[in-house]
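Trainee: Fold the following, please.
(chains A and B)
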Protein chains: 2
Amino acid sequence: MPIVSALLLSALVLTTSTLGVDGRLTLDTMSSSLKRMEYAVRGQVVIAADKIQADLTAHAPGSEDFDFEKILYTNIGNPQSVGQKELTWPRQVLSLVDLPNEVGVDHPDVLKMYPKDAVKRAKEIKLGLGSGSGAYSHSKGAKIFRDDVAAFIKKRDDGVASDPEDIYLTNGASAGIENVLKALIADPSCGMMIPIPQYPIYSALLDLHNGQKVPYYLDEDRCWEINIRELERSLTAAQEAGVNVVGLVLINPGNPTGQVLSKEGVQDVVRFCAANDLVLMSDEVYQENVYDDTPFYSAKRAAYDCGLLEDDRLQLVSFHSASKGVFGECGRRGGYMELVGFDQTVKDHLYKLASSGLCSSISGQIMISLMARGPEKGDESYESHELEKSLIFESLKRRSKIVEAGLNAVEGMSCQPAQGAMYCFPSVQVPDRAIEAAAKLGLPPDTFYALSLLERTGVCVVPASGFGQRKGRFGFRTTFLPQEEDLSNAVSAIRRHHEEFSLKYK
Amino acid sequence: MPIVSALLLSALVLTTSTLGVDGRLTLDTMSSSLKRMEYAVRGQVVIAADKIQADLTAHAPGSEDFDFEKILYTNIGNPQSVGQKELTWPRQVLSLVDLPNEVGVDHPDVLKMYPKDAVKRAKEIKLGLGSGSGAYSHSKGAKIFRDDVAAFIKKRDDGVASDPEDIYLTNGASAGIENVLKALIADPSCGMMIPIPQYPIYSALLDLHNGQKVPYYLDEDRCWEINIRELERSLTAAQEAGVNVVGLVLINPGNPTGQVLSKEGVQDVVRFCAANDLVLMSDEVYQENVYDDTPFYSAKRAAYDCGLLEDDRLQLVSFHSASKGVFGECGRRGGYMELVGFDQTVKDHLYKLASSGLCSSISGQIMISLMARGPEKGDESYESHELEKSLIFESLKRRSKIVEAGLNAVEGMSCQPAQGAMYCFPSVQVPDRAIEAAAKLGLPPDTFYALSLLERTGVCVVPASGFGQRKGRFGFRTTFLPQEEDLSNAVSAIRRHHEEFSLKYK
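Mentor: Numbering: from 1, shown residues only, chains lettered A, B, ... in the order given. Below you'll find the model as predicted:
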């Protein structure tokens, strides 16, 4: 089978031709911001993978030519889709909260199925919600859950205060990010500094809302650290080009890059933002996914340590989620953001914006609260809950090393340490002849490479070009989420494919 | 206590003054689209109500002066917040799907707590989801649920085909509406025709995304029917003013107006949209809430009956939700939209947009599927589920009449029949002296009226000005969702307040 076959190409790019009639909604008349927007994590390689998977399942003609039986999706941080078990206790609480009392917490046999501490917490939540899980909550999220989150943040940051009124529970972190950007991008002259490589929700939403992307480059050789001089270069260059730079996105631990920033690195960033009046959007959804010795250090804690919480000298929004960590509860769409240092009037308008979406999913709100406050020591489920969390965490840590070491062992690949998050982001040597072949198909070289990998091995990664990278660099992002045996097989497949690909285009 | 006291005013309007420093995010620098946007359903009257409720709960100084013990919220279609019971069977299925197998469907005591048909459906859903409720699904929503929705639509429309690939499950109907508007509003010259009065999500999102609001007026005297000549007038006027009119919003059954459109009315609209190349956004979230003899007639069915599904002559998006009907599951954030008559390329970009939000809440997706397909005849829960639904429906129907009749009995109020939805939208005579008093406070007369009602009676309604209305008309929207006794008391309180208010400002 040829690399990047017709089968794949047919499923590929969003076409730019149109058969539209004037006045109708067609490619010609639709929003150009939407057309321009890209979102690689579920982009063209994944669409091609879905097509192959559907063909494999349906035994479609041609599908027997593939050397694999199913797609191994490593394109997205979606732990439970690739075998991670749900945590038992949070699901038991969630399940009980959703049951009407008489067939749930008050059912005579409830303790036959549910542990006591799940019943107790479910009753607390029901009492706190007042009208249960089927009503819209306050648009910021139910107060009881915001209290739990504020206490969690305060504990994490060694006592730095957190106000539940400044916490917004959102449909995943993404929804919070979008709302903040809506407020920040006042007109098309406004720009946000974003790391390169970055998680593409930022570039996608900036395209969609007509904001400018102001790239600052992470330092790959220093394990993707942030360099303060690069921040200054980036800001000055943008300002000289007439961009009104309004904020900066920090992703720590990094996505797609997997680094955990040092204390000094985070402090550099908060000082830089405060000095330049930039709103800091700190994406901290991987704060529990830290596998080596650098502990997670929050932007808020850094602001406190630098004295920037006084007089609202820093404007900071930090984001977290129940989708990552060891919960991996992506399907709940549970996230939160905390606002620090904003005027009340700005907060009023952000609240109005939240109101227009009514409220975030209550099941996501519940899950965030259970992540913020687990069973207590001595409770029936305490030990088993801690054990489940630790098994997942230790396995993630092992898996990060399997992939990091496995990719580094491939000649022509180089991968920085996976200190945190759920990803490795190797650079890959792509031969010149492959670059030419890609150009003929109108594809970025690493998209061509990722499609070839997909077609030969069934391993679905995201081309590095979807996240941004320095000119001339090529690579991909892979999660290390599949279970250990699958993951080892995937690493071997990636190696085999790379050897074959290098040979073919030598 | 004075009407519209200082207490209330302090909690009122989003201020327009600012203490901001250049460069920071302040009221001056933030997006003017966001500032302009209004969302009355959770707007200033509700913020004032929340303040009073908090003071009452905390026994704050001054709160003992109120003649009521709690706020009665009739501002929002949030049934379970005002006493509507959750339906048992859907909650049992949801609850079981969320439990890990070994403590859920496979637990030896599961049938002691759950009926057989809930266990069966939960197993089906788990099998169909593959990775359970904790993983991101396909960005359009899990295929099994879209199949259920397509079958539901086909049955509702007497066999007109529905393709699961054209169905998107969304975080409530709101999220779908926003995504479609993002595609439609290509630049600030684009406008959408919206009914006046309208549900304010449309005006809010048009403001936010810099689209123009093109009002067409509903005919209050003819029970808020749509008048085709008014549609033509509205379109022509906008086009003459240079607006590129790209679509039309239909809300049927009406919100806030409560009418159920006739077959002819809906056919007029679909023909008008097809003839003028307008994308029809048909908000049909109250399609199950129809209390008199006019049956609900979907825009898609009308398009079929008018031959407009052939050759994609009409471009239609219709919206539905698990938040209304008799489910009232607002907290799930479960909605769907169905696309009809769009080019594949446009659908590809809408899919990309959905992908950037990853997926909608799985608990919302599950609830929509259970609404689309309940237990089957002969199943253990069939009779009880039907009975629960019918009790809620019949009570809603009675309550619609209590409010409609009660308001019409007040001298100086006039209320059209509440044929459907969850709202009455009376017009109210406001004396000239009250209009002057409102102007002194910088308030629309009916906001002043609603605040007075709130302060005197604890009944929280939404001023009609938040939905739009003809110049010189005043009024409010009230739900008829509180339970029957509360609702009768509310109607009496509204009457008492109106008499007192009229006397005071005579």
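
Trainee: which stretches of the stretch 201-350 of chain A form strands?
Mentor: Along the stretch 201-350 of chain A, the stretches classed as strands by DSSP state E, counting those that start in this stretch are A:212-217, A:244-251, A:279-283, A:316-321, A:334-340.

Trainee: right, is the helix or strand harbouring A:A354 up against chain B?
Mentor: Assigned by DSSP states H and E, A:A354 falls within helix A:344-356. Yes - judged by CB under 8 Å from any CB of the partner chain, helix A:344-356 comes into contact with chain B through A:345-346, A:348-349, A:352-353, A:355-356. Glycine gets a C-beta too; all of them are placed from N, C-alpha and C.

Trainee: could I get these as TSV with distance to A:P108, pLDDT and neighbour count?
Mentor: As requested, the residues of helix A:344-356 next to chain B are exported to TSV (distance: CB to CB, whole Å; pLDDT from 0 to 100; neighbours: other CB atoms under 10 Å in any protein chain shown):
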residue	distance to A:P108	pLDDT	neighbour count
A:T345	53	88	20
A:V346	52	89	25
A:D348	48	89	16
A:H349	50	89	20
A:K352	46	88	21
A:L353	46	89	22
A:S355	41	86	21
A:S356	44	84	22
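
Trainee: Kindly present these as TSV, with separate columns for distance to B:V160.
Mentor: Shown next, in TSV, are the residues of helix A:344-356 next to chain B (distance: CB to CB, whole Å):
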residue	distance to B:V160
A:T345	50
A:V346	48
A:D348	46
A:H349	43
A:K352	39
A:L353	37
A:S355	36
A:S356	33
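
Trainee: Remind me what whichever helix or strand comes after the helix holding A:A354 packs against, helices and strands.
Mentor: Toward the C-terminus, helix A:344-356 is succeeded by helix A:362-372 as the next helix or strand (DSSP H and E). Applying 3 or more CB pairs under 8 Å, 6 or more residues apart in numbering or on different chains; DSSP states H and E, we find helix A:362-372 packed against helix A:88-98, helix A:116-129, helix A:143-156, strand A:167-171, strand A:334-340, helix B:362-372.

Trainee: What residues of stretch A:62-72 count as buried?
Mentor: A:66, A:68, A:71-72 (16 or more other CB atoms under 10 Å in any protein chain shown).

Trainee: Also stretch A:146-158?
Mentor: Buried, per 16+ other CB under 10 Å, within stretch A:146-158: A:146-150, A:152-153, A:156-157.

Trainee: Stretch A:438-453 too?
Mentor: Buried, per 16+ other CB under 10 Å, within stretch A:438-453: A:438, A:443-453.

Trainee: now stretch A:244-254, how far from the centre of its chain.
Mentor: Centre-to-centre, stretch A:244-254 and its host chain are 14 Å apart (CA atoms, centre = their mean, to the nearest Å).

Trainee: That one vs chain B: in contact?
Mentor: Yes - residues of stretch A:244-254 are located near chain B by CB under 8 Å from any CB, namely A:246-247.

Trainee: same question, stretch A:268-286
Mentor: Yes - using CB under 8 Å from any CB, stretch A:268-286 reaches chain B at A:276-277, A:279.

Trainee: Between the residues you listed, which sits nearest chain B?
Mentor: A:D277 (3.3 Å; CB to the nearest CB).

Trainee: okay, the closest one: pLDDT?
Mentor: As predicted, A:D277 sits at a pLDDT of 94.

Trainee: which secondary structure element contains the closest residue to it other than its chain neighbours?
Mentor: Counting by CB to CB, 6 or more residues apart in numbering or on different chains, B:G23 is the residue found nearest to A:D277 once chain neighbours are left out, at 3.3 Å. Assigned by DSSP H and E, B:G23 belongs to no helix or strand.

Trainee: Now do the contacts for B:G23.
Mentor: A:276-277, B:29 (CB atoms under 8 Å, 6 or more residues apart in numbering or on different chains).

Trainee: before we move on, the earlier item: which two in the buried residues of stretch A:62-72 are spaced the farthest apart?
Mentor: A:F66 and A:L72 (12.4 Å; CB to CB).

Trainee: my read is A:V410 is in a strand, agree?
Mentor: No - A:V410 sits outside any strand when classified using DSSP: H, G, I helix; E, B strand; the rest coil, being coil.

Trainee: For the residue nearest to it when sequence neighbours are not counted, give me its contacts.
Mentor: With CB to CB, 6+ apart as the criterion, A:V410 has its nearest non-adjacent residue at 4.8 Å, and that residue is A:R495. The neighbourhood of A:R495, defined by CB under 8 Å, 6+ apart, consists of A:406, A:409-410.

Trainee: Filter those down to the buried ones and hand me the ChimeraX line.
Mentor: Under the burial definition 16+ other CB under 10 Å, those of the contacts of A:R495 that qualify are selected in ChimeraX by:
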select /A:406,410
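
Trainee: possible to save the contacts of A:R495 as a markdown table with distance to A:R121?
Mentor: Shown next, in a markdown table, are the contacts of A:R495 (distance: CB to CB, whole Å):
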| residue | distance to A:R121 |
| --- | --- |
| A:G406 | 41 |
| A:A409 | 46 |
| A:V410 | 47 |
